[in-house]
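S.K.: Kindly return the folded structure for what I paste below:
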Amino acid sequence: MLTRRSMLLASASIAAGVTMSNRTVHAAAAQPATPVNVDIPAGACDCHTHIHPDPEKFPFFAGRVYTPELASPEEMATLHKALKMERVVIVTPSIYGTDNSATLFGMKARGANARGVAVIDDKTSEADLDAMNQAGIRGIRLNLATGGTSDPNVGRARLQAGIERVKARSGWHIQIYTSPAMIAAVKDLVAAAPMPIVFDHFGGAQAALGPEQPGFADLVELVRTGKAYVKISGAYRSSKLGPDFADCVPLARALIAANADRIVWGTDWPHPDSVTPAGKKPTDVTPVFQIDDGRLLNQLPVWTADAAVRKKILVDNPARLYGF
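M.R.: Residues are numbered from 1 along each chain as shown. Below is the predicted model of the structure:
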C-alpha cells in the first residue's frame with residue numbers, strides 16, 4: 001500500500017530524474033530491531049553514515065553507478081537514539097559526486113554533535129574548503145571501491161593529489177574506501193603522509209579470507225605504527241554471514257590488538273547497496289540493506305571485551321580524529 005509519504009517521495013524522485021522500480025517506494029532506512037545491551041559511554045560516535053535527502057532539493061550525480069532509497073536526518077536521529085550515539089560523522093557518498101550539499105544539510109540538522117567528510121576535485125576552491133571546515137567538515141574521501149578503481153598507479157596518483165590539497169589544513173584527514181591490495185600498493189605514501197589516513201570498512205578486507213589475506217598485514221602494520229586509522233564499520237560489506245557477521249571477529253580483533261588508539265566504529269547507515277542489479281539502470285532505485293545495527297553494536301564486546309578499549313573506539317578516538 002502506498003502511503004502519502006511514499007507518494008511524495010516517489011514524485012520528488014521522478015522530478016529529479018530518478019526511475020522508481022515497479023514496487024512500493026518504502027524509502028525506509030533500517031532501524032535497530034535489537035535493543036542495545038552493551039554499556040555505551042557518553043559521547044559515543046557513529047563514525048560512518050550517509051544522508052540521502054529529497055532528490056528534488058539535493059540532486060544525484062548524473063554519473064552515479066547506483067541510486068539508493070532516501071534517508072533523512074530525522075530517521076538518522078531515531079537510529080542514534082536507539083543506539084545511544086550522541087555524535088555522528090556524515091560522509092558524502094559517490095551518488096553526489098563532489099556535491100557535498102546533502103552531507104552539509106545532514107550536519108546542520110544534527111548540530112554541534114556532527115562532523116563530516118567531503119568529496120572534492122580540482123574545481124573545489126580553497127574558499128570552498130574554508131567554508132566546509134567552518135561547517136564541520138574534517139576530511140576528504142577518496143572512493144576507489146565503488147567505481148572499481150584497482151589500478152595502483154591511479155590509486156597512488158589520487159592519494160598524492162589528496163595529500164597535496166589537505167596537507168596545510170590542521171585537523172583534516174584523508175579517508176579511503178579501497179581494498180587490501182590497493183593498501184599494499186600505497187602503504188609508503190600512507191606512512192609518509194603528514195595527516196591521518198583513515199580506511200573505511202575494515203580496509204575492504206573480506207572476512208572469509210581471514211587475517212592472512214594479502215594486504216591485510218600491511219593494513220595492520222600501518223595501524224600498529226599509528227599511521228592509519230581503520231573504521232570497523234559496515235561488517236556486511238566484508239562478510240556474508242549475517243546477522244552477526246561472526247567471521248569479521250578475527251579481522252576486528254587483529255586491528256584492535258595492533259593499536260586500539262587507531263580504531264573507530266560506524267554503522268554505514270543507511271546501508272546502501274552500491275551494486276545496481278543486472279537488468280537495471282543506475283537511475284533505478286536499489287533498496288538499501290536492512291541491517292540490524294542494534295545487533296551489530298552488541299557485537300562490539302565480542303570484538304573487544306575491554307570496556308576501556310571500547311570507550312577509546314566509541315569516544316576518545318573519534319573525538320581526536322574529528323575534533324569534537
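S.K.: Can you give me the distance of Thr254 to Ile232?
M.R.: For the record, residue 254 is Ala, not Thr. Distance, Ala254 to Ile232, using CB to CB, to the nearest Å: 11 Å. All C-beta spots, glycine's among them, are computed from the backbone N, C-alpha and C.
S.K.: er, Thr92 I mean
M.R.: Taking CB to CB as the measure, Thr92 and Ile232 are separated by 21 Å.
S.K.: For this structure, which segments count as helices?
M.R.: 4-15, 73-83, 101-110, 126-135, 152-166, 180-192, 216-224, 235-238, 249-258, 293-297, 300-303, 307-311, 317-322 (DSSP state H).
S.K.: so where's the chain uncertain?
M.R.: Across the chain, residues meeting the criterion (pLDDT under 70) sit at 1-27, 147-148.
S.K.: circling back to that earlier point, closest one to Thr67 among the helices of the chain?
M.R.: Closest approach to Thr67 among those (CB to CB): helix 4-15, 8.4 Å.
S.K.: quick revisit: pick out whichever of Ala254 and Ile232 has more residues nearby.
M.R.: Using other CB atoms under 10 Å, the more surrounded residue of Ala254 and Ile232 is Ile232, with 26 against 19.
S.K.: Quick check: the more buried one touching Ala260?
M.R.: No. Under the criterion of CB atoms under 8 Å, Ile232 makes no contact with Ala260, lying 11.0 Å away.
S.K.: which residues are common contacts for those two?
M.R.: Taking CB atoms under 8 Å, 6 or more residues apart in numbering as the contact criterion, the residues that touch both Ile232 and Ala260 are Ile313.
S.K.: And the residue nearest the centre of the protein?
M.R.: Among the residues of the chain, the one closest to the centroid is His48, at 3.7 Å (CA atoms, centre = their mean).
S.K.: That one: what's it in contact with?
M.R.: Contact partners of His48, counting by CB under 8 Å, 6+ apart, are Val89, Val91, Asp200, His201, Lys231, Ser233, Gly234, Gly266, Thr267, Asp268.
S.K.: can you pull the contacts of Gly43?
M.R.: When contacts are taken as CB under 8 Å, 6+ apart, Gly43 is in contact with Glu86, Arg87, Leu314, Val315, Ala319, Phe324.
S.K.: got the contact list for the closest residue to the last one other than its chain neighbours?
M.R.: Leaving aside its sequence neighbours, Phe324 sits nearest to Arg87 (CB to CB, 6 or more residues apart in numbering; 5.8 Å). Counting by CB under 8 Å, 6+ apart, Arg87 touches Gly43, Ala44, Cys45, Asp46, Asn113, Ala114, Arg115, Pro318, Tyr322, Phe324.
S.K.: what bridges to Arg87?
M.R.: For Arg87, the beta-bridge assignment (DSSP bridges) gives partners Cys45.
S.K.: circling back to that earlier point, and the residue nearest to the centre of the chain, how far is that from Phe61?
M.R.: 20 Å.
S.K.: Check Gly323 too.
M.R.: In terms of CB to CB, Gly323 sits 28 Å off from Phe61.
S.K.: again, but for Arg310
M.R.: As defined by CB to CB, Arg310 lies at a distance of 37 Å from Phe61.
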